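**Student:** Would you be able to build a 3D model of this:
(chains A, B, C and D, ligands or ions: 2)
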Amino acid sequence: MTRTDPAPYRALGLTEEEFEAIEHRLGREPTHTELAMFSVMWSEHCSYKSSRVHLRNLPTDGPEILVGPGEGAGVIEVAPGIAVAWKIESHNHPSFVEPFNGAATGIGGIVRDILSMGARPIALLDPLRFGPLDDARTRYIVEEVVHGISAYGNSIGVPTVGGEAVFEECYAENPLVNVACLGVIEDRLMHGRAEGPGNAGVLFGSSTGRDGIGGASVLASAEFDETSLEKRPSVQVGDPFSEKLLIEASLELVRRGLVVGFQDLGAGGISCPASEMTSKAGTGMKVWLDRIHLREADMEPFEVMISESQERMLAVVEPDDVEAVLDVCAKWGLEARVVSEVTKSGRLEVLKGDELIADVPAEALAEEGPVYERRFERPSWIDELQVATSGDDPPEDLAGAFLSVLRSPNVSSKRWIWEQYDHMLFLGTVQGPGADAAVIRLPKGDVAVALTTDGNGRYCYLDPYEGARLAVAEAARNVACTGARPVAITNCLNFGNPEKSDVMWQFVEAVRGIGDACSALGTPVTGGNVSFYNETKGRAIYPTPIIGMLGILERPSASVGLGFRSEGDVIMTAGATSPDDLGGSEYAKVVNGVVAGKPPGLDLDAERALIGFLQEGAASGLLHSAHDPSLGGLVIAIAESGLASDLGFELEASFDHRILFSESPSRAVVTCAPEREVELEGLAERHGVPLARTGLVGGDRFDFGSFSVAKTEATDVFENALPERLAASMSL
Amino acid sequence: MSARVGVILFPGSNCELDCRRSFDALGAEVEMIWHGDVALPDVDLVVLPGGFAHGDYLRTGALARFSPIMDAVAAHAAGGGLVLGICNGFQILCEAGLLPGALKKNVGLKFLCKWTELRVDNADTPFTNRAHAGRRLRIPINHFEGNWYVDDETLRSMKENGQIVLRYTSNPNGSLDDAAGISNATFNVFGLMPHPERACDLLLGSEDGALILGSTLDHVASDARAAV
Amino acid sequence: MRYAAVVDVMPKEGIADPQGQTIEKALPALGYGGVAEIRVGKRIELQLEAAGPDEARERVLEMCERLLANPVIEVYEVTIR
Amino acid sequence: MRYAAVVDVMPKEGIADPQGQTIEKALPALGYGGVAEIRVGKRIELQLEAAGPDEARERVLEMCERLLANPVIEVYEVTIR
Ligand SMILES: Nc1ncnc2c1ncn2[C@@H]1O[C@H](COP(=O)(O)OP(=O)(O)O)[C@@H](O)[C@H]1O
Ligand SMILES: [Mg+2]
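**Tutor:** Ligands and ions are numbered 1, 2, ... in the order given. Purely as a prediction, here's the structure:
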């Protein structure tokens, strides 16, 4: 093979230098099987080659953190002896190609990550980004993604308790499907390590087919032309029933102490756990290909090694326990076979019959992937963008502007989505979708966690550093609105092509922003996921870091909701509103069609103060409701509090549009009983939070002082906006 | 003596722990039963919980009704024992022929997880005796196939007998006669799509489900008294 | 001998078919007028061992009765090849 | 003219069919041995107005592409009567 040939490594996504590095490491040319394994393990997705140098700077330590980044999921101790696993993943590209199965298998993947820690998955959140709904293909994608999440998540018995849905032009041909999952450690924390030479590797779950082989199929044909890519199905079909059995069988194995360690099979197929588990433990592994249970008879060895067939796990088991492990799998109706053995060699050896078809150092696959310090540069267009008008011109009429923003699918109710999700299983959903953060009472102990995902692509487009800080702050605030204490984050970084210096700059800035905000708020990063190459036809999405925040609420019964509680309660606004915070706002986009200027300014000290105020306000029982203004500003936040409990209100002063629609962070609309107003003022003062009396709950109108609408009209707009826009679409 | 409740665990069930927890809280003695067993332990009430037995593949309940335990469940019912099917459990009971009718896809062709309001139209059953006729209950649903159907003639006789025990006040799924919960002719087998076990705690939104679950326990207790 | 069987399971006449109705309602908006009476059912293909085609049909019919179809709401048809 | 059309939609070769596999695994326990390669798909029946059978087929094929089937993971066959 000469270098000028259409080389397979290129079609596999490896560069000339990477290929040479592999040759150098092995001291010979790699076999086809080895090349396939390297190509997946050294891919951006598995090796984090463009992001690693930057992610290193994130804060990862905290008193509650039991496991930080680097394992299947972060693990957080929420109360003595009670630990949870928390992680987010992306499944963007597969969800564009085949939205139903792409989204479904996205759920499957994150759930197995949680499971691999020995945790029972108990909650999902699904931050989603789509194009505008006036496009039929987009409506189809929305329907199918939501249906896929619903079909898979409901069936495996993991409730989906929150998420986001944002519609913006830049996602039209590049939707984002991120999924976060929470699990509770049931018996003991597991680590994905292949300890103990002589131990058996048991592969259990679904059979292995050609799923997800995609680009690597070039290896199967002599010529590497376009059509070879078509030959193999790369679409993965989810099987929620197998996943459910996998959950139950895995947890039974952990409970009975039958496994030394296990890891799920995701991207990279069996090559991934086989190399990662051994390299972490300093061991090696021999894999007998012929023992792997195949769905299709004529699979090539390399296909078996990198197949991404879903719903599979690899467990390392002591020889004496093998029988018991196989029995547990049989009881749950799962195929299980001993396919490998842990060795001392430090190598991953793959045998087909007696033939050694791959023999590589496990570390070379798992740890020694390339690390790139990609060039990044602040693009000049960002300066032009930031000085442009932010779109804060006044509206023709305020009531009309309010209704337009309320009708925007970014703001309007997402009930159409979340009613399709089981969000109540496990009797823990104290607050579910529709709340600022989901509040989930854990099955063990009387303690709850608050969970939210937040990210604002527009802010990050205007300023990735500020946008990322704003996302962390909003996530923390959403958690605090329920009364919980923000404790840790997981994050999913969705960006364009990192080989472009402006995209890389956005990435570097966003990571720096997340790090700074997390340090200031005391919420370390427990892990996450990077999704690059979110581009279609050379156009990148807005930089979209999604923050998954977890908070702890010691008394679930003290949780505070966003809905007003009783007529006569006093509405107060905590935090300061700046009339200059309309850059990148929903108002600027919806009313004036502008996305420009600078995003709202953020003071993290003010944010911390507000969080402290909200927590204490909830714990003391002073707060009857709390809700933070985000998209759409104060008007929308107050309206949402009324909509959530079907109560009207009357504001006591008139404000202009720049105050009403400003998206200043670090604010909350709160209510308390009229006789406790002074007490609440005292609390705010102690925390150094400005608090202004804003109005009263009651009546059948949403009366904003300068304008008013009937409660029924607002309800109609809020509830029907999304279903009406989707109504034109339809699928089987 | 407290009532003994057996909750059957099918592969793919997912509400079994919630059922256990809610019955536990009401003072019942709860036991899990594996679908592959052929005999029932000594229980007063058999519960078929919600979930997706066998993935709901082919049809909801189509494979589960062949589980080895189902013969024993049928025998238990034939002997007058109480059987409660919730959601997927209701679907399995219909497939097994222990309850009349079948459950089709919701008219909106969407999975629906939401709170519903139910009306008790027959309070004189082992599953509703803690309520009074006309009582409204707030209990959530969580299903794709809850659109109950039965032929006209059967429906007529069921209505006459009072076998349409619970009705939705606002039909969410197209179910015939707004039926949310139905009973067999002898009132010892009861199936409903809403999840009473999810409505036994005010912190989660309602305690009305305890009326349904609690009724079975009262019935068992009064049976026991009668037997003494 | 090995036979291939096709089982067509359709909703019973007279029983509302939510899937069919929903498609029917959606079609005009997509530019397909004049379409009516849409019914959505299942098609199951399988292979089985049997002594002859009659036995094969016999066995598949029995599987339909007990498992592949629900006689309360569905009808079925078996083709053996 | 009014035509009756039947559309058979099946999972593509090589694409996993969890439903078929699950049923296949369950069958022996139900007393049906010797059954293999079960695939579960959809059958859609409909009536439509068209000038002739070719036009009818044309239109149904187009509906399959856009609505009735998912060409990424399914194949379909149209019969006009
Ligand atoms: N895709 C989704 N899945 C589940 N819940 C969702 C989804 N999108 C939005 N929600 C829920 O709707 C509510 C409003 O969402 P959002 O406007 O993003 O809230 P916030 O502005 O407080 O971050 C939240 O409770 C959220 O969990
Ligand atoms: Mg919020």
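
**Student:** For ligand 1, what is the nearest residue in chain C?
**Tutor:** C:Thr22 (22.5 Å; Cβ to the nearest ligand atom). Backbone N, C-alpha and C define where each C-beta goes, glycine included.

**Student:** Show the residue spans covered by the strands in chain C.
**Tutor:** Taking DSSP state E as the test, the strands found in chain C are C:2-11, C:35-49, C:74-80.

**Student:** So which of those is nearest A:Ala468?
**Tutor:** Nearest of the strands of chain C to A:Ala468, taken as Cβ to Cβ: strand C:35-49 at 46.9 Å.

**Student:** for the closest one, packing partners?
**Tutor:** strand C:2-11, helix C:18-26, helix C:53-63, strand D:2-11, strand D:35-49 (3 or more Cβ pairs under 8 Å, 6 or more residues apart in numbering or on different chains; DSSP states H and E).

**Student:** could you dump these to JSON lines with mean neighbour count and mean pLDDT?
**Tutor:** Output for the helices and strands packed on strand C:35-49, formatted as JSON lines (neighbours: other Cβ atoms under 10 Å in any protein chain shown; pLDDT from 0 to 100):
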{"stretch": "strand C:2-11", "mean neighbour count": "19", "mean pLDDT": "96"}
{"stretch": "helix C:18-26", "mean neighbour count": "18", "mean pLDDT": "84"}
{"stretch": "helix C:53-63", "mean neighbour count": "17", "mean pLDDT": "93"}
{"stretch": "strand D:2-11", "mean neighbour count": "18", "mean pLDDT": "94"}
{"stretch": "strand D:35-49", "mean neighbour count": "20", "mean pLDDT": "93"}
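
**Student:** Go through those and name the closest to ligand 2.
**Tutor:** Closest approach to ligand 2 among these is made by helix C:18-26 (34.3 Å; Cβ to the ion).

**Student:** name the helices or strands packed onto that closest one?
**Tutor:** strand C:35-49.

**Student:** could you check the angle helix C:53-63 makes with the strand it packs on?
**Tutor:** 120 degrees (axes from the mean of the first three to the mean of the last three Cα atoms, to 10 degrees).

**Student:** Direction included, what does strand C:35-49 pair against?
**Tutor:** Using DSSP bridges, the strands paired with strand C:35-49 are strand C:2-11 (antiparallel), strand D:35-49 (antiparallel).

**Student:** which residues in chain B form strands?
**Tutor:** B:4-9, B:29-34, B:45-48, B:82-86, B:102-104, B:112-120, B:136-143, B:147-149, B:164-168, B:179-183, B:189-192.

**Student:** can you redo the helices and strands packed on strand C:35-49 as a markdown table with distance to A:Glu685?
**Tutor:** Output for the helices and strands packed on strand C:35-49, formatted as a markdown table (distance: least, Cβ to Cβ, whole Å):
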| stretch | distance to A:Glu685 |
| --- | --- |
| strand C:2-11 | 67 |
| helix C:18-26 | 58 |
| helix C:53-63 | 75 |
| strand D:2-11 | 65 |
| strand D:35-49 | 65 |
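
**Student:** Now A:Ser620: closest residue in space that isn't a chain neighbour?
**Tutor:** Spatial nearest neighbour of A:Ser620, chain neighbours left out: A:Leu683 (7.4 Å); criterion: Cβ to Cβ, 6 or more residues apart in numbering or on different chains.

**Student:** can you count the residues close to the one you found?
**Tutor:** By other Cβ atoms under 10 Å in any protein chain shown, 22 other residues sit near A:Leu683.

**Student:** possible to save the strands of chain C as JSON lines with distance to A:Ala119?
**Tutor:** Formatted as JSON lines, the strands of chain C follow (distance: least, Cβ to Cβ, whole Å):
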{"stretch": "strand C:2-11", "distance to A:Ala119": "40"}
{"stretch": "strand C:35-49", "distance to A:Ala119": "37"}
{"stretch": "strand C:74-80", "distance to A:Ala119": "41"}
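
**Student:** A:Cys272 looks like it's in a helix, true?
**Tutor:** Yes: under DSSP: H, G, I helix; E, B strand; the rest coil, A:Cys272 sits within a helix.

**Student:** distance of it from ligand 2?
**Tutor:** 36 Å (Cβ to the ion, to the nearest Å).

**Student:** Same question for A:Leu451.
**Tutor:** From A:Leu451 to ligand 2 the distance is 13 Å (Cβ to the ion).

**Student:** my read: that residue touches A:Gly162, true?
**Tutor:** Yes: using Cβ atoms under 8 Å, A:Leu451 makes contact with A:Gly162 at a distance of 6.1 Å.

**Student:** picking that back up, list just the one of the strands of chain C that sits closest to B:Val5.
**Tutor:** Proximity to B:Val5 (Cβ to Cβ) singles out strand C:74-80 among those, at 33.8 Å.

**Student:** how far off strand D:35-49 does the closest one point, in degrees?
**Tutor:** Strand C:74-80 and strand D:35-49 are oriented at 120 degrees to each other (the same axes, to 10 degrees).

**Student:** hmm, who's touching strand C:74-80?
**Tutor:** For strand C:74-80, the external contacting residues (Cβ atoms under 8 Å, 6 or more residues apart in numbering or on different chains) are C:3-13, C:41, C:53, C:56-57, C:60-61, C:64, C:68-69.
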